[in-house]
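[1] Predicted model follows, preceded by the sequence.
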Amino acid sequence: MSDLDRAIAQLRACRPIPEAEVRELCHKARELLIEEGNVVTVTAPVTICGDIHGQFHDLMELFRVGGDVPDTNYLFMGDFVDRGFYSLESFLLLLCLKVRYPDRMTLIRGNHESRQITTVYGFYDECLRKYGSANVWRYCCDVFDYLALGAIVLGASNTLSPSGDGEAQGSEEDIEIEVCNADGQIMSQFPRQPRGAGNSINRQPPRGRSPNGPTRLPTNTGPPGSGASGSSGGSIGNPAGAVLCVHGGLSPLIDMVDKIRLLDRKQEVPHEGAMCDLLWSDPDEIDGWGLSPRGAGFLFGADIVKVFNYKNDLSLIARAHQLVMEGFKEMFDTSIVTVWSAPNYCYRCGNVAALLELSEDEGGLGIFARSNGDVNRSDGGLIGGGSGVPGSGPRGVLMENDLASLKPGPARRYRVFQAAPQDSRGMPAKKPVADYFL
Amino acid sequence: MSAVELGYLDDPFAALFAQPQPHPYPHPQQQHPAAGPGPAALRRLPIINRGTYARTAAIDRLVTQFLADTASADGSSGGFRQIVSLGAGTDTRSLRLFSSSPPFSSTSSPCFNAGIIYHEIDFPAICARKLRAVRAAPQLRAILSEPETSSATITSQQEGQNAAPPEWWTSRGPGGSELWCHGLDLRALALAHQQRAEQPGDDNNANSSLIRGLRADLPTLLLSECCLCYLSAADAGAVVGWFGARISPAAGLGLVLYEAVHPDDAFGRMMVSNLAARGLRMPTLDVFRTGADQERRLRAAGFDEARQLTVDAVWERWVAPAEKERVDGLEGLDELEEWNLLASHYIVAWGWRGSRFRLVEP
């Protein structure tokens, strides 16, 4: 067993590894991360996760629900540390897995992967407590500076892969959204509705879990969605459109994904500017941009997301950063989703967590055209959405019929899970104390 | 203490009563053989510090209004008024008032913080500990006279050795103010009130001795910051009833409650379960589950008017923009969702009777 495998085993048992090993691990991780661009390209299938916040036992639960590494290809959208009591073990385990299986583990930076924030919110204190010095905290912070700022998921399918519980669901081709519980049982399904058809802009997507259980609505009116082609938008290229993953959200300084690639990311998270915004901003029910009550980043409205997705040929933005009691929340006609993966956040909030699975497109793989792209992604509608190829007019002005031609989102399976049971898998007998206003 | 050290609150007295706090993290040695000893100082998270700030600001504001309304000497009560803090613990509001510390320094009326009879009630051990702290702090002599105690023979040298804690101690403050600390289980008041209801008669003597120095003729404000919630609803009601029966209707009586609400949603259920795991139960939470319940409770207890505000609403409405900016600048609060969730589960509810003072929302 290699040193790395031994470290993984030790961390899986929630035991910190010695300082010298941390140092070596962080060194290796940095060498790996320095080769990654600011925006990492990931191909589906992939399982996208939100904030972890040092809730180690819940991270173990996440791996149980989502599958283990390297069997499952993971993308974590930051905020590994702070708040929970096991930031160290959680982050080092993820980092070990990254070094061990670099192609199966993508880590991007959250606003808590910062020197300043970790001194206030717990990770610094935890390192001091567990090692007696700030060395390990320093090694980790040096790694934070090299984490990518975002990821682009390509090759996601319009249809869901079988969910794995063997339950016969008939044709799954037209299911756009499926919500499963921690045991893989389907809690609700939502059929795909035509995005390209006339009035579809006002389509109301499900928000959170449907109270109605499995739902099937007739969906015969749109573009092909019931066939076996697995694509309602044509059969070439990247049928479902790419998915941008980022911890916080958009920035008024970034109108194209390529502009993220130009940032100098290898630094502490600045207090303002594009890099700060990507890690701090939140979608909100406003028009345009707004000031963020967090004091960093911005609020951005549906119009901003739709224009950004259109210009960048994205079908969806996946982000984390905000606690959602239901674990995930789709907004703005499913153009953006928040994924939250820390159940019972801070051992106090009573929320469930979720992870988002995008399955692999079986049909059109191999021809990603511009989509293989860390370059020229912005080059416009070479590979349009089949029936709804956008006009060749000037980009940046979003016409009504352009909106209608927004790429259809990939089929999405959310697995919703709860906090790890207290008495399982070596949880400490003493429950962490959640603080209240007493 | 955390909120004071980090600059949220200006409280020169908090350090005098600070005691070692249990660390919020599990003890490292229990799980990590490699772990070393951690830092001793307990620093709470920004969300908790902001909560402490908002709750203190809310109650200070209501106390300020009470004092402003009752400050004008109209002869009938000589400008005196009374505050009773239930389960006062190591609270320093009395000292901040007597020393005109912020926010009690910013008022225009010169009589604002004169003539305050301030009673603190808590368990005998806590009352005794506060006495020791006051005696051991020479800087307090500027605002408090040398304490007198119920047991005059007990000196500071002797009391360390198995001496029974004093039933009460008292100290004179500036401007005719008095501080009284009573080592008393509130359930004794509840019992006395219940017995009085069963056997109406002249029991004034027995009742008077329960809280020495309490004046029935003064406008009185009762404060309960997470105190009555630990009693049964019946006992909590009887404690308020005891004061309601003693304080003259003409004098006016007010009650300020700070308690948890909404035990029924996901956050509330987790809160109840987490606190139960720490051995903390709040029986009144089962009965008064919402802000509206709290208003009904106050009206049922004989208060003419009742108001309530959650802590997040306190922050939004009662904290001035400049002050919000100052407080947010101290550490930053990174997560609004969590703040809204936590702060909406705590409430300040208050009521008053009579026309001597009004606690309308400022």
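    On my side now, so go ahead. Keep in mind that this is a model prediction, so the values were computed, not measured.
[2] Please enumerate the helices of the stretch 201-350 of chain B.
    In the stretch 201-350 of chain B, the segments counted as helices under DSSP state H, counting those that start in this stretch are B:204-210, B:233-246, B:266-277, B:283-287, B:291-300, B:311-318, B:321-331, B:336-343.
[3] can I get those helices in a markdown table with mean neighbour count, distance to residue B:130 and mean pLDDT?
    For the C-beta atoms, the positions are set from N, CA and C on the backbone; glycine is no exception. Below are the helices of the stretch 201-350 of chain B laid out as a markdown table (neighbours: other CB atoms under 10 Å in any protein chain shown; distance: least, CB to CB, whole Å; pLDDT from 0 to 100):
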| stretch | mean neighbour count | distance to residue B:130 | mean pLDDT |
| --- | --- | --- | --- |
| helix B:204-210 | 13 | 19 | 67 |
| helix B:233-246 | 21 | 20 | 96 |
| helix B:266-277 | 17 | 25 | 94 |
| helix B:283-287 | 17 | 25 | 96 |
| helix B:291-300 | 18 | 29 | 97 |
| helix B:311-318 | 19 | 26 | 96 |
| helix B:321-331 | 13 | 28 | 91 |
| helix B:336-343 | 20 | 29 | 94 |
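[4] Quick one: those as JSON lines, columns for distance to chain A too.
    Below are those laid out as JSON lines (distance: least, CB to the nearest CB, whole Å):
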{"stretch": "helix B:204-210", "distance to chain A": "27"}
{"stretch": "helix B:233-246", "distance to chain A": "16"}
{"stretch": "helix B:266-277", "distance to chain A": "3"}
{"stretch": "helix B:283-287", "distance to chain A": "12"}
{"stretch": "helix B:291-300", "distance to chain A": "15"}
{"stretch": "helix B:311-318", "distance to chain A": "7"}
{"stretch": "helix B:321-331", "distance to chain A": "5"}
{"stretch": "helix B:336-343", "distance to chain A": "4"}
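[5] could you dump the ones you listed to TSV with distance to residue B:179?
    Shown next, in TSV, are those (distance: least, CB to CB, whole Å):
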stretch	distance to residue B:179
helix B:204-210	18
helix B:233-246	18
helix B:266-277	31
helix B:283-287	28
helix B:291-300	27
helix B:311-318	27
helix B:321-331	28
helix B:336-343	31
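[6] So which of these is nearest residue A:254?
    Counting by CB to CB, residue A:254 lies closest to helix B:336-343 out of the helices of the stretch 201-350 of chain B; the figure is 22.9 Å.
[7] contact partners of the closest one?
    Identification of contacts with helix B:336-343 by CB atoms under 8 Å, 6 or more residues apart in numbering or on different chains yields A:293-294, A:322-324, A:345-346, A:348-349, A:436-437, B:47, B:50-51, B:54, B:267, B:310-312, B:315, B:333.
[8] Mark which of those are buried, thanks.
    Using 16 or more other CB atoms under 10 Å in any protein chain shown as the burial test, those include A:294, A:322-324, A:345-346, A:348-349, A:436-437, B:47, B:50-51, B:54, B:267, B:310-312, B:315, B:333 as buried.
[9] just to revisit the earlier point, quick one: which of the helices of the stretch 201-350 of chain B is nearest residue A:288?
    Residue A:288 sits nearest to helix B:336-343 of all the helices of the stretch 201-350 of chain B, at 19.9 Å, using CB to CB.
[10] Let me know the angle separating that closest one from helix B:266-277.
    60 degrees (axes from the mean of the first three to the mean of the last three CA atoms, to 10 degrees).
[11] how much distance is there from helix B:336-343 to the middle of the chain?
    The gap between where helix B:336-343 is centred and where its chain is centred comes out at 23 Å by CA atoms, centre = their mean, to the nearest Å.
[12] Just want the angle from that helix to helix B:311-318.
    110 degrees.
[13] okay, helix B:336-343 in CSV with CA atoms only?
    In CSV, the C-alpha atoms belonging to helix B:336-343 read as follows (Å, rounded to 0.1, in the frame of the first residue of the first chain):
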residue,chain,number,x,y,z
LEU,B,336,-27.2,35.6,5.4
GLU,B,337,-29.3,32.5,5.0
GLU,B,338,-28.0,31.1,8.2
TRP,B,339,-28.4,34.4,10.1
ASN,B,340,-32.0,34.7,8.9
LEU,B,341,-32.7,31.2,10.0
LEU,B,342,-31.1,31.5,13.4
ALA,B,343,-32.2,35.0,14.2
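[14] Tell me, how many residues neighbour residue 143?
    Just going to use chain A. Neighbour count for residue A:143, taken as other CB atoms under 10 Å in any protein chain shown: 24.
[15] meant chain B actually
    Using other CB under 10 Å, residue B:143 is surrounded by 21 other residues.
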